[in-house]
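Asks: sequence and predicted structure are below.
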Amino acid sequence: MLHIKKQSVLSVAAEGANVCRHGKLCWLQVATNSRVYLFDIFLLGSRAFNNGLQMVLEDKRILKVIHDCRWLSDCLSHQYGILLNNVFDTQVADVLQFSVETGGFLPNCISTLQESLIRHLKIAPKHLSFLEVRQKWIQKNPELWFTRPLSPSLLKILALEATYLLPLRLVLLDEMMSDLTTLVDGYLNTYREGSADRLGGMEPTCMELPEELLQLQDFQKQRRERAAKEYRVNAQGLLIRTVLHPKKSVTETAGKEGKLVEFWFLDQGSNRGSNSESA
């Protein structure tokens, strides 16, 4: 736990049966830039949160990156008395980024983790086949996450689910901040690339909105016009988003994208660490 407590940003994922106040949380995955910790909540129960994990989840100084925090927040609050704090939700960020990209429109649906990784991290669908494999196995066996011991392939899927959230957050932040970057670049060049005659007529104390910032209106107008051509609109005025599906068979080996960080499996009284590397 010491390594986790030292982090300023973590990613968190969860698996179980209908994870909410009425369901069962089986696994909680916590990832840093170098490690993934798999907490066996099914075996440990509330004891899993007694050695600092609850403090981390509630700590307002530690940012938790989660994809769709609603159900996990409900489960932790009502079953364990834990109030999640300081969350960056990648599903919410995806909708906000869509609104920026389209000049203020909203999409008709939210994105799955798989769609977000394809759309924003530009990961080839074949490298995300582990998410399709996961879904197929759950459909065949709804109580999959209650199985003990859990197979190495399933442990790897748990680790990968949390691992991708940290880079996804960074890309989403860059995309959402792109207008700010463009406007600031314009600000930097406003005077230094202007003529001396122009500067002579300027009042440093003028508080009127400068033309460099008025560009934002043009950006938004152009994006709305482009979005109106590229998307269909439903009855609620929401843009109908293209659903992204993997093109490769789900029988491919899961997680072929780069190197998987070290992960630690924590169950009743044992800490087993193993290095796992993608092919």
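Replies: Now that the structure is in, tell me what you want to look at.

Asks: so how far is residue 13 from the most centrally placed residue in the chain?
Replies: In the chain, the residue lying closest to the centroid (C-alpha atoms, centre = their mean) is residue 90, at 3.2 Å. Taking C-beta to C-beta, to the nearest Å as the measure, residue 90 and residue 13 are separated by 11 Å. All C-beta spots, glycine's among them, are computed from the backbone N, C-alpha and C.

Asks: the stretch 51-200 of the chain: helices as residue ranges?
Replies: 53-58, 70-80, 90-101, 113-120, 129-140, 152-163, 165-176, 178-192, 196-200 (DSSP state H, counting those that start in this stretch).

Asks: adding mean pLDDT, write these out as TSV.
Replies: Below are those laid out as TSV (pLDDT from 0 to 100):
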stretch	mean pLDDT
helix 53-58	98
helix 70-80	98
helix 90-101	98
helix 113-120	97
helix 129-140	93
helix 152-163	96
helix 165-176	98
helix 178-192	91
helix 196-200	63
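
Asks: between these, which one is closest to residue 47.
Replies: helix 53-58 (9.8 Å; C-beta to C-beta).

Asks: which positions in that closest one come out as buried?
Replies: By neighbour count with 16 or more other C-beta atoms under 10 Å, helix 53-58 contains the buried residues 53-54, 56-58.

Asks: ok, back up a step: ok, the residue nearest to the centre of the chain - contacts?
Replies: 65-67, 113, 116, 165, 168-169, 172 (C-beta atoms under 8 Å, 6 or more residues apart in numbering).

Asks: what does residue 167 give?
Replies: Contacts of residue 167 by C-beta under 8 Å, 6+ apart are residue 121.

Asks: do you know the pLDDT at residue 270?
Replies: In this model, residue 270 is scored at 46, pLDDT.

Asks: likewise for residue 207?
Replies: 87.

Asks: CA atoms only for the longest helix anywhere in the chain - export them in PDB, please.
Replies: The helix that spans the most residues within the chain, counting by DSSP state H, is helix 211-230. C-alpha atoms of helix 211-230 as PDB (Å, rounded to 0.1, in the frame of the first residue of the first chain):
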ATOM      1  CA  GLU A 211      -9.700  39.600 -31.400                       C
ATOM      2  CA  GLU A 212      -7.400  36.700 -30.600                       C
ATOM      3  CA  LEU A 213     -10.000  35.400 -28.200                       C
ATOM      4  CA  LEU A 214     -12.900  36.100 -30.500                       C
ATOM      5  CA  GLN A 215     -11.600  33.300 -32.700                       C
ATOM      6  CA  LEU A 216     -13.200  30.900 -30.300                       C
ATOM      7  CA  GLN A 217     -16.600  31.900 -31.800                       C
ATOM      8  CA  ASP A 218     -15.300  31.100 -35.200                       C
ATOM      9  CA  PHE A 219     -14.000  27.700 -34.100                       C
ATOM     10  CA  GLN A 220     -17.300  26.800 -32.600                       C
ATOM     11  CA  LYS A 221     -19.300  27.900 -35.600                       C
ATOM     12  CA  GLN A 222     -17.100  26.000 -38.000                       C
ATOM     13  CA  ARG A 223     -17.300  22.900 -35.900                       C
ATOM     14  CA  ARG A 224     -21.100  23.000 -35.600                       C
ATOM     15  CA  GLU A 225     -21.400  23.400 -39.400                       C
ATOM     16  CA  ARG A 226     -19.000  20.500 -40.000                       C
ATOM     17  CA  ALA A 227     -20.800  18.300 -37.400                       C
ATOM     18  CA  ALA A 228     -24.200  19.000 -38.900                       C
ATOM     19  CA  LYS A 229     -22.900  17.600 -42.200                       C
ATOM     20  CA  GLU A 230     -21.000  14.600 -40.700                       C
END
